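Undergrad: no letters, just coordinates:
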């Protein structure tokens, strides 16, 4: 199983980025996909999740700015990030699992390698 996260980069405050997570080696449509992030010097936190049935979750810190979606035909989950703030700077990881609570890392079975998002002027 592989999860490949991409789409990170340097963006100015107020800008947008779209992250992608491409999965292989698993029955993609039977898994929920979560996005987590780890800022410098901080622990990893759950950002968003999309259940296999399409139900979505967002952390309060990103609600209204981030949108998660999935394309099961392409084995891909997207995280559209708008109105980015410096506090969004982090390494973003995608993970696959069947979590009962979307922010619990231990409920995800597979993890990608992370993609760096830097929000700075």
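TA: Here it is on my side, so go on. As the structure is a computational prediction, the values presented were derived from the model and not from experiment. Numbers count the residues shown, from 1 in each chain.
Undergrad: report the beta-bridge partners for the most centrally placed residue in the chain.
TA: In the chain, the residue lying closest to the centroid (CA atoms, centre = their mean) is residue 35, at 2.4 Å. Beta-bridge pairing for residue 35 (DSSP bridges): residue 48, residue 94.
Undergrad: list the contacts for it?
TA: 19, 21, 46-49, 68, 77, 79, 92-95 (CB atoms under 8 Å, 6 or more residues apart in numbering). In this view, the C-beta of every residue, glycine as well, is placed from N, C-alpha and C.
Undergrad: kindly report the same for residue 87.
TA: Counted by CB under 8 Å, 6+ apart, residue 87 has contacts 39, 61, 119.
Undergrad: which parts of this protein are strands?
TA: Along the chain, counting by DSSP state E, strands occupy 2-6, 9-11, 17-24, 32-38, 44-50, 56-58, 66-71, 76-81, 90-97, 108-111, 115-119.
Undergrad: ok so, going back, quick check: the residue nearest to the centre of the chain vs residue 121, distance?
TA: 24 Å (CB to CB, to the nearest Å).
Undergrad: ok, residue 14 next?
TA: 9 Å.
Undergrad: the two: who's more crowded?
TA: residue 14 (11 against 8; other CB atoms under 10 Å).
Undergrad: what's the closest non-adjacent residue to that one?
TA: Closest residue to residue 14 apart from its sequence neighbours, by CB to CB, 6 or more residues apart in numbering: residue 83 at 5.9 Å.
Undergrad: kindly report the same for residue 119.
TA: residue 84 (4.6 Å).
Undergrad: could you do residue 76 as well?
TA: residue 22 (5.1 Å).
Undergrad: beta partners for the one you found?
TA: Beta-bridge partners, per DSSP bridges, of residue 22: residue 4, residue 76.
Undergrad: isn't it right up against residue 3?
TA: Yes - between residue 22 and residue 3 there is a contact at 7.3 Å, judged by CB atoms under 8 Å.
Undergrad: more neighbours: which of the two?
TA: A side-by-side neighbour count of residue 22 and residue 3, using other CB under 10 Å, places residue 3 first with 23 against 17.
Undergrad: many thanks, I have nothing further to ask.
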